[in-house]
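> Just to be clear, the model below is a prediction. Sequence and coordinates:
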Amino acid sequence: MTHHHGPSTLFPLLLITLFVMSGKEVLASRHLLETTLPTLPELPKLELPPLPKAELPPLQEPKLPTLPKTELPKVPDFPTLEKPELPPLPKLETPKLPELPPLPHLPELPKPTLPTIPTVPKDIPFPSLSPSRSTTSP
């Protein structure tokens with residue numbers, strides 16, 4: 001049988017490397033906070049000459065040629081067709097269903113009743129929690 005000891009040896013190494021690396025980040029961030037940035041000299045602002053405005057000639061609307069109106073040919077008159085008269089549908093005779101026998105009489109079962117909940121009397125003597133003192137000694 002083979003045993004895998006890889007994860008058990010890698011976990012402590014991972015913790016050690018994280019511990020060693022974390023110290024450098026703290027020092028680097030403290031160093032960044034303590035250093036001052038050098039001041040840069042301001043550059044002179046350049047002034048650009050204004051750009052000339054381009055003037056476009058006005059656009060002319062294109063003229064569309066007029067199309068001649070074409071006359072549609074007349075539709076010839078079609079003769080009206082008479083509605084066809086269909087013969088009446090024959091009546092189908094439905095077969096008479098046999099009568100079902102009457103259902104047998106079932107005896108009436110008594111209705112189930114729910115059990116009654118006992119009522120709690122209102123005058124219940126509560127026992128006292130303190131020990132009772134008796135004047136008689138045993």
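In hand now; what should we look at?
> What segments of this protein are helices?
6-34 (DSSP state H).
> Low-confidence regions, it specifically.
Across the chain, the ranges flagged by pLDDT under 70 are 1-7, 22-26, 131-138.
> again, only using 80
Applying pLDDT under 80 to the chain flags the ranges 1-9, 18-32, 124-138.
> Which residue ranges of it form strands?
Using DSSP state E, no strands are found in the chain.
> Report how many residues lie close to P84.
5 (other CB atoms under 10 Å). (Each C-beta comes from the backbone N, C-alpha and C, glycine too.)
> That one and F78: what is the separation?
17 Å (CB to CB, to the nearest Å).
> Any idea how far apart the tips of stretch 29-44 sit?
35 Å (CA to CA, to the nearest Å).
> Any idea how far that stretch is from the middle of the chain?
Stretch 29-44 sits 51 Å away from the centroid of its parent chain (CA atoms, centre = their mean, to the nearest Å).
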